[in-house]
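Colleague: Here is a sequence together with a model predicted from it:
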6 protein chains.
Amino acid sequence: MRLKVIMPVITEMWNRDALSLMQAVASKDSNIVIKNIEGGPISIESEYDEVLSAPYVLKETIQAEKEGFDAVIIYCFSNPGLYAAREKVSIPVIGIGEAAQIMAYCLGERIGIITTIKNSVIRNIKKSKIIGTADKVCSVVPLDIPVMELSNNELVEKKLHSIMIKLLDDGVDTVIFGCGSIMHMKEKMMEKYRIPVIIPGEAAVKLAEALVCMNISHSKKAYPYPPLKKRTGYQFEV
Amino acid sequence: MRLKVIMPVITEMWNRDALSLMQAVASKDSNIVIKNIEGGPISIESEYDEVLSAPYVLKETIQAEKEGFDAVIIYCFSNPGLYAAREKVSIPVIGIGEAAQIMAYCLGERIGIITTIKNSVIRNIKKSKIIGTADKVCSVVPLDIPVMELSNNELVEKKLHSIMIKLLDDGVDTVIFGCGSIMHMKEKMMEKYRIPVIIPGEAAVKLAEALVCMNISHSKKAYPYPPLKKRTGYQFEV
Amino acid sequence: MRLKVIMPVITEMWNRDALSLMQAVASKDSNIVIKNIEGGPISIESEYDEVLSAPYVLKETIQAEKEGFDAVIIYCFSNPGLYAAREKVSIPVIGIGEAAQIMAYCLGERIGIITTIKNSVIRNIKKSKIIGTADKVCSVVPLDIPVMELSNNELVEKKLHSIMIKLLDDGVDTVIFGCGSIMHMKEKMMEKYRIPVIIPGEAAVKLAEALVCMNISHSKKAYPYPPLKKRTGYQFEV
Amino acid sequence: MRLKVIMPVITEMWNRDALSLMQAVASKDSNIVIKNIEGGPISIESEYDEVLSAPYVLKETIQAEKEGFDAVIIYCFSNPGLYAAREKVSIPVIGIGEAAQIMAYCLGERIGIITTIKNSVIRNIKKSKIIGTADKVCSVVPLDIPVMELSNNELVEKKLHSIMIKLLDDGVDTVIFGCGSIMHMKEKMMEKYRIPVIIPGEAAVKLAEALVCMNISHSKKAYPYPPLKKRTGYQFEV
Amino acid sequence: MRLKVIMPVITEMWNRDALSLMQAVASKDSNIVIKNIEGGPISIESEYDEVLSAPYVLKETIQAEKEGFDAVIIYCFSNPGLYAAREKVSIPVIGIGEAAQIMAYCLGERIGIITTIKNSVIRNIKKSKIIGTADKVCSVVPLDIPVMELSNNELVEKKLHSIMIKLLDDGVDTVIFGCGSIMHMKEKMMEKYRIPVIIPGEAAVKLAEALVCMNISHSKKAYPYPPLKKRTGYQFEV
Amino acid sequence: MRLKVIMPVITEMWNRDALSLMQAVASKDSNIVIKNIEGGPISIESEYDEVLSAPYVLKETIQAEKEGFDAVIIYCFSNPGLYAAREKVSIPVIGIGEAAQIMAYCLGERIGIITTIKNSVIRNIKKSKIIGTADKVCSVVPLDIPVMELSNNELVEKKLHSIMIKLLDDGVDTVIFGCGSIMHMKEKMMEKYRIPVIIPGEAAVKLAEALVCMNISHSKKAYPYPPLKKRTGYQFEV
C-alpha cells in the first residue's frame, strides 16, 4: 500500500517528524511518501493561507493518482483543498483534521480541540460544521503559539498543561491536538490527564489504510469530477 | 460609493449583463466597476474551480482596497475565496451566494435554490451549512444546464418552469436563482408562480451598499488578518 | 421610495432620534415617515407588551399599504406583529430585530446581542429561534436598564463597556445593540473594541430599501392573506 | 380543581363539544369552565387572527387568576397569547397545541400534524420551532377545509382517510389532530390505522391537571412579570 | 386505573417514599402498585447498571400487562429498558426521566438537571438527545453524592443549595431533580429559588394517568412488537 | 494484535462468513477471534433483542479484556451494550454500526442505510442520533427481509437493486449495508451504482486496529467505570 502525504506548506521542517509519527502507527505493508507543495505559504494559520496552499495541493493529488499511490493524506488540520482534491481523483483523499474529528466520534461525547493561535478558533468551529462534527466539538482553545514556534517543546508543554485543565473544566472528555505540528506530547498528556489524545496525522494514516483495505473511496456523487473547461494562470497541471 | 465586482472567471461574457442588472438596483451614488480575475477557470461548477479561482479573487480584493473601493462583491454563487478575502482587507466583502441566502431570511420560511448542474447540488448544501442558512434551505434543484449554456434563454426558461413547479410541490416559498448567470427570468417566474425570486447579484449590491452606508464591515475577530509569513508560487501580490 | 416606520409604542420620545439615525444611512431618494401606534404600551419589554402592541402595528401596516408606502419597518427589536403584518399586506415589512440579525450573518460567526433588562434574555433567545439565527447567536446579555431610562447616556455607556468586555470573553465577534433605543454609542464601542456593532434601525432601513429596489417582497406562500371572516372588538380597521 | 378553558374566538359553536371531550378525560374532581373571548376573530387560521385574539386571551387569563382558577387552557392549536399570558399570571397556562406536541414525545418518534388549511402549514412548522418539538415533527398536512366547515363530519372523515395514508407513507408514527375543532374521529382513525391520535384538548386538560396536582407552574424566570407601565387603547383590564 | 411502578433495582429502600410521593399527586381512582425487579443492580449509576436492570424491567412490564395494569412506570431517571418495554406491550410505558423532561417543556425554556454523581453527567446529556429534549437542556450538574447516600437529607440539602445557585447562574429557569431518590426537597428549593422543580416520579404518574384517560398508548409503528424467535439465557419469561 | 469479535446472538450461522470478510481487510498481524454470546436472541431486530443480548455482550467484553485482547468488536449494526461495555473495560470497544457511520463521514455528504425489516427503520434513526451522525443520515430503507433469511442471496440481491435506485433518487451518495448479515453484495452494487458501499464489519476491524495502533481507547471521562455495588440475577460475571 502506497500512501502519499502532502505537506501543504513550503518548508520541510516538519517532514521528518511527521513521517516518523505516521510510520510508527502504519501497517507494515504501508509505504508512506511525504512531499511538500511547490508553492504556497510556509505554514497555515488562516483561510488565506489555505487558499494559497490549495492549488498546489491539487497538483500533488493529481500527480499522486498518476504515480499509482493508493491514497492521499493532506497533512494540515485545516484540510486545505480537501473537497476539490476529492473531485479530481478517485483514490481516497483524507485530511488530517477531518480524520481526527471522525475518529473522536468513537472515543467520547464531548470533543476539545487545541488549536495554535487565537485567530484559528473560529476557523476551526466553521470547519467542524462542514465536516459534520460540530455537535460534539464543545471547546476550541488556542495554545497561543504561532505554528513556526511549535518546535519549542518546553513552551508548548507548559501551555498544554493549562489548556488541558481548562478543557477538563469545560467537560471535554476527548482531546485533539489541532495542528499537525504538535507531535511529541501525546503520551505525557494522556498519562497525566487520563483522557484520550488524538494525533491527527496518526488518525489520517489509519483511516487512509482502512479505505484502501476496504477497497472503497469517497463518493463521486458527492465529489463529482469537475467538468472539463478552459483554465489559465497556473504553470502546473491542475 | 465605489463598489468593485470581481467576476471570478476568465471570460467577460457575463460582465455586461451582470453590470447592467446590478446597476438597475443600485443606489444613484453607487459607482460599480466590474473586473475579471486574471487567471483561473472560465466558469465555476465545482470545488475544484473554486480553488483555482480563489487566489486570483484575493489578488483583486487586495487591489480593490488599495484603489479605494468601498466594498467588494464576489460575483459567483459559490463565493470563492470569500472568507480569505475578508481576512486580507477591512472593507466589506460580499459573496452573491451568501447575500441571496441571507436576504431570503426576511422573505420566507422555506428556501429553494435552483442550481446549474447536478454536480452542484451537494456543494450547495454544504455551502448553506457554512453560511448558516441550512435550516431554511429545503430544496436544491439543478437546471441540468452547464454554466456556459445558460445564455440559451429558451432552454433555461423551459427548464425553469418545471423546476419552479417541483419547488412549489416541495413546499418552497422563496426561490433563489443559484447562479450569477441566470439573469433574465425573474419577473416572468415571479409573475407566473407568485413567489419571490432572488437574484444573487442584486442582493449583493444592496447588502454591500448597506454595510458601506452603515459604516460597518465584517468582524476582524471572525476574519483576522493573516499572520505575515513567507509565501511563494504566485506571480502576483497576494 | 417611501418608507413608513411604525414606532410600536405610544410615546414619541424616541421618534426624532430614530428618524435621524435612519435618515443618516438612507438612500437620498428614500422618504422616511415615522408614526407611533395609537394604543398599546409605552415601551416593549415583555411578550405581553408585544401582544398589546401588535394589533395597532397591524392597523398602521394596513394603512401604510393603502397610503402607497413602498415598505414598512417595525421599529422594535422584538418585531411585534411582524408575521401577521406580512400576512395582511404585500409590500415588504421588516422588523428591526430581524434585520439586525440577518445583517450580522455576513459580518461574523458568533453574534452577541445586548438587550435591555434581564427579563428579555430568554425572550431574545426564543426570537432568534423563530428568525432562524439561533445557531450563530452565542450570547445575549442585558444592560440591566429599563427601556425608559436608556436615554441616560452616561449610565448606558458605563454598562456597555463592561458588557462589551464580557461578550468578547464569550468569543463574540459581532455585536447587536438589541433595542431600538440604544442609539448613540456605535462609533465609540466599535472604535474601542474593534468589532462591528449593528444598529437595528439602520439595518432595517437598508434591508427595506434593498427589497424595494429589487422589486421583491415577502412570500405570500409563507405569509398568506388571512381568510376573510367576522372579527370584533377593535375600533379600527384591522 | 378548577380549570378555565379560554375559547379564543367569538363564536360558541364549538364550546359544547369541546367541553364534553375535555370532561370525558378529566379527573373527577376537575371543574372545567369554558369561556369565549369577548372580541377577536371567529376562528383562527393565520398569525393575523392570533394577534387579534391574543389581547382578549390575556384579559381572560388575568381574570381567571383573580377568580381563583387553578389553571388556564387556551383552546387553540396556535396557542395565541400563550407566552404573554404566562408572564401575567402565576397559575399554569397551557396551550392545546403545545400540550399535544409535548404529549406526543412519549408516544412516538415521528410526529405528523393534520392542520386545517394550506395556509397553516408553514405557521405550524414555525410553532414547533418555538415549542421545541420541530425535530420530531416530520410532516404537517392540511385537511384543506376551513375551520368553520370542520363540523361537516362526512367531509372531514373522507379527507382524514387520505391524509392518514399520506402520513403513514411519510413514516409518521404518531398523529395529532392539529385543530381544536376536529373532535369526533379519534377512535375511528386509531382503529383503522393502528396509530395513536392525540386530541389537543384532551392533552391540555391532563397536562393542566398534572401541573396543579404537582403544585408547580411555569417558570417566572422564563416568563417574568411584565414591568408595570403606561398602556392605552384597550377598554378592558390587561 | 391501575398503575404498576417498576423499581428497577433490587433494594426496597426507596419504595415507601416513592410510593408516597406518587400517591400524593395521583388521581383518587389511581391504584399504584410498586414492585422491585428480581435481579439486577442495587442502584443505577451507569449504562452498565442499566443493561443489567433492563431484562428484569422487561419481565415486570410483560407481567404487568398480563395482570391487567393500565400503565407501567419505570422508576429511574435513566429509563432502563424503556423502548424495549414499549415494544413488548401495548399499554403505556413511561420512564420517569423522560416524563420529567417532557413536562419541563411547558414550564420554561432552559432546563437544568441535577444528577447524582459526576459519572452521570454525560450519560444524562446522551439521554436527552434520545428523548429529543437536548435543545432545551442547558445544564447538567452532579450533586456528587452516590445514589445510596441520597437519604442523607442534610448533606443533600447542603449540596442542593450550591447547585441551585450555579444553575441560576447558567441561566436555567426550570429544574429537574434527576434521580428518583431525591425526594424531599422540592418545596424548600422552589420557595427559596422561585423556580419550578420537577420531581420525575410525580411527572410520570400524571403522564401515565393522562395517557390512560385519553385511551392512547405509544405507537406500535415506533415501537413494533419484536419478531418472535428463539431466545435463551433467561430463567424468566421475557 | 488480537481482536475479539463478539457475535451478539446465539447462532453461529454467520460466524464463518463474518470472520472471513473481516480477515480479508485486516492487517496481517491482526488475529481475529469470533465468539458468540452464550444467551440472548438468535438475531437482533428490535430494542428488545438488544436488551436481551446486552448483558451477555458485557460478559464477553469483560472476558476479552482479561484474556488480553487488544480490542473488542460488537458485530451487530445496533451495537447492543456498546456504551456499557466501554464503561467496564479500558480496551477499545467498537460497534459495527457505529464504525460504518463514522467511516461514511469521510466518503460522502448524504448517507443512506439499508436496514433489514421495516420495524428497524425508526430504531436506526434513533441510533444515529446517539452516535451523532443523524445530520448526514438522509435515508433509511428496509430490505423487508428478516435477518434469518438474509442468506437467500438471490432475494437479497433483487431487493437491493430496487433499494439502491430509491436511495440514489433520495440524493444519497454513500450507502451502508445496515446489518452484519448482508455480506456478499458490496462489489456488485458498487460497480453497478458507482457509489461507495460500506460493510460495517470491515469498517469496525479497521477502526479497532487504528485505535490499537494509535494506542488510544475510548475516554473514561465519557464512559467511566461503573461504581462497584451489589448486583444479582446473572449466573455469569458481569
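Modeller: Cool, got the structure.

Colleague: For the closest residue to chain C within chain A, give its distance to chain D.
Modeller: Across chain A, no residue is closer to chain C than A:Ile122, which sits at 4.9 Å (C-beta to the nearest C-beta). All C-beta atoms are positioned from the backbone trio N, CA, C, and that covers glycine. Between A:Ile122 and chain D the computed distance is 26 Å (C-beta to the nearest C-beta, to the nearest Å).

Colleague: excluding its backbone neighbours, what's nearest A:Pro224?
Modeller: Nearest residue to A:Pro224 in three dimensions, chain neighbours excluded: B:Asn119, at 4.3 Å (C-beta to C-beta, 6 or more residues apart in numbering or on different chains).

Colleague: State the helix or strand in which the residue of chain A closest to chain C lies.
Modeller: helix A:120-131 (DSSP states H and E).

Colleague: quick check: angle from that helix to helix B:120-131?
Modeller: Taking axes from the mean of the first three to the mean of the last three C-alpha atoms, to 10 degrees, one finds helix A:120-131 and helix B:120-131 inclined to each other by 150 degrees.

Colleague: tell me the average confidence for helix A:120-131?
Modeller: For helix A:120-131, mean pLDDT is 95.

Colleague: Same check on stretch A:10-28?
Modeller: On average, the pLDDT along stretch A:10-28 is 96.

Colleague: Would you mind listing the outside residues contacting that stretch?
Modeller: Stretch A:10-28 has contacts (C-beta atoms under 8 Å, 6 or more residues apart in numbering or on different chains) with A:1, A:3, A:5, A:7, A:32, A:34, A:36-43, A:73, A:75, A:151, A:180-181, A:183-184, A:199, A:201-202, A:204-206, A:209, B:230-233, F:27-29, F:210, F:213-214.

Colleague: Narrow the residues you listed to those in strands?
Modeller: A:Leu3, A:Val5, A:Met7, A:Ile32, A:Ile34, A:Asn36, A:Gly40, A:Pro41, A:Ile73, B:Arg231, B:Thr232 (DSSP state E).

Colleague: Stretch A:175-193 and chain F, any residue contact?
Modeller: Yes - applying C-beta under 8 Å from any C-beta of the partner chain, one finds stretch A:175-193 in contact with chain F at A:Glu187, A:Met190.

Colleague: could you dump the ones in strands among the contacts of stretch A:10-28 to TSV with distance to chain E, pLDDT and neighbour count?
Modeller: Shown next, in TSV, are the ones in strands among the contacts of stretch A:10-28 (distance: C-beta to the nearest C-beta, whole Å; pLDDT from 0 to 100; neighbours: other C-beta atoms under 10 Å in any protein chain shown):
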residue	distance to chain E	pLDDT	neighbour count
A:Leu3	35	98	26
A:Val5	35	98	29
A:Met7	37	98	24
A:Ile32	36	98	21
A:Ile34	38	98	20
A:Asn36	41	98	20
A:Gly40	41	97	28
A:Pro41	39	97	29
A:Ile73	31	98	28
B:Arg231	43	93	19
B:Thr232	47	94	13
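
Colleague: residues touching the residue positioned nearest the centre of chain A, list them.
Modeller: Centre of chain A computed as the mean C-alpha position; nearest residue by C-alpha atoms, centre = their mean is A:Ile96, 2.3 Å away. A:Ile96 makes contact with A:Ile73, A:Ile74, A:Tyr75, A:Cys76, A:Phe77, A:Asn79, A:Gly180, A:Pro200, A:Gly201, A:Ala203, A:Ala204, according to C-beta under 8 Å, 6+ apart.

Colleague: Go again with 7 Å.
Modeller: A:Ile73, A:Ile74, A:Tyr75, A:Cys76, A:Phe77, A:Gly180, A:Pro200, A:Gly201, A:Ala203, A:Ala204 (C-beta atoms under 7 Å, 6 or more residues apart in numbering or on different chains).

Colleague: In chain A, where is pLDDT below threshold?
Modeller: Chain A contains no residues with pLDDT under 70.

Colleague: And the helices in it?
Modeller: A:15-25, A:47-66, A:82-88, A:96-104, A:120-131, A:153-169, A:186-193, A:200-214 (DSSP state H).

Colleague: Out of those, which one sits most buried?
Modeller: Across the helices of chain A, averaging neighbours per residue (mean count of other C-beta atoms under 10 Å in any protein chain shown) puts helix A:96-104 on top, at a mean of 28.

Colleague: Roughly how far does the residue in chain A that chain E sits nearest to sit from F:Gly132?
Modeller: Closest to chain E within chain A is A:Glu109: 4.9 Å, counting by C-beta to the nearest C-beta. Remark: distance between A:Glu109 and F:Gly132 (C-beta to C-beta, to the nearest Å) = 8 Å.

Colleague: Same check on A:Val205?
Modeller: From A:Val205 to F:Gly132 the distance is 23 Å (C-beta to C-beta).

Colleague: Who is A:Ile74 paired with across the strands?
Modeller: Assessed by DSSP bridges, A:Ile74 has beta-bridge partners A:Ile6, A:Gly95.

Colleague: Can you pull the residues of chain A lying near chain C?
Modeller: A:Val121, A:Ile122, A:Ile125, A:Lys126 (C-beta under 7 Å from any C-beta of the partner chain).

Colleague: The residues you listed: which ones sit near chain F?
Modeller: Among the residues of chain A next to chain C, none lies close to chain F by the criterion of C-beta under 7 Å from any C-beta.

Colleague: from these, which is closest to A:Leu155?
Modeller: A:Val121 (19.3 Å; C-beta to C-beta).

Colleague: does the closest one really touch A:Pro142, like I thought?
Modeller: Yes - taking contacts as C-beta atoms under 7 Å, A:Val121 lies within contact range of A:Pro142: 5.8 Å.

Colleague: Could I get the contacting residues of the residue of chain A found nearest chain D?
Modeller: In chain A, the residue that lies nearest chain D is A:Asp135 (12.5 Å; C-beta to the nearest C-beta). Applying C-beta under 7 Å, 6+ apart to A:Asp135 gives the contacts F:Gly132.

Colleague: How many neighbouring residues does A:Ile145 have?
Modeller: 19 (other C-beta atoms under 10 Å in any protein chain shown).

Colleague: cool, and A:Ser90?
Modeller: For A:Ser90, the neighbour count with other C-beta under 10 Å is 12.

Colleague: Report the separation between it and A:His218.
Modeller: 8 Å.

Colleague: same deal with A:Val140?
Modeller: Distance of A:Val140 to A:His218, given as C-beta to C-beta: 26 Å.

Colleague: Those two: who's more crowded?
Modeller: More neighbours surround A:His218 than the other of A:Val140 and A:His218, with 26 against 22 (other C-beta under 10 Å).

Colleague: Is it correct that A:Ser30 is in contact with A:Phe69?
Modeller: No - A:Ser30 is beyond contact range of A:Phe69, at 11.2 Å (criterion: C-beta under 7 Å).
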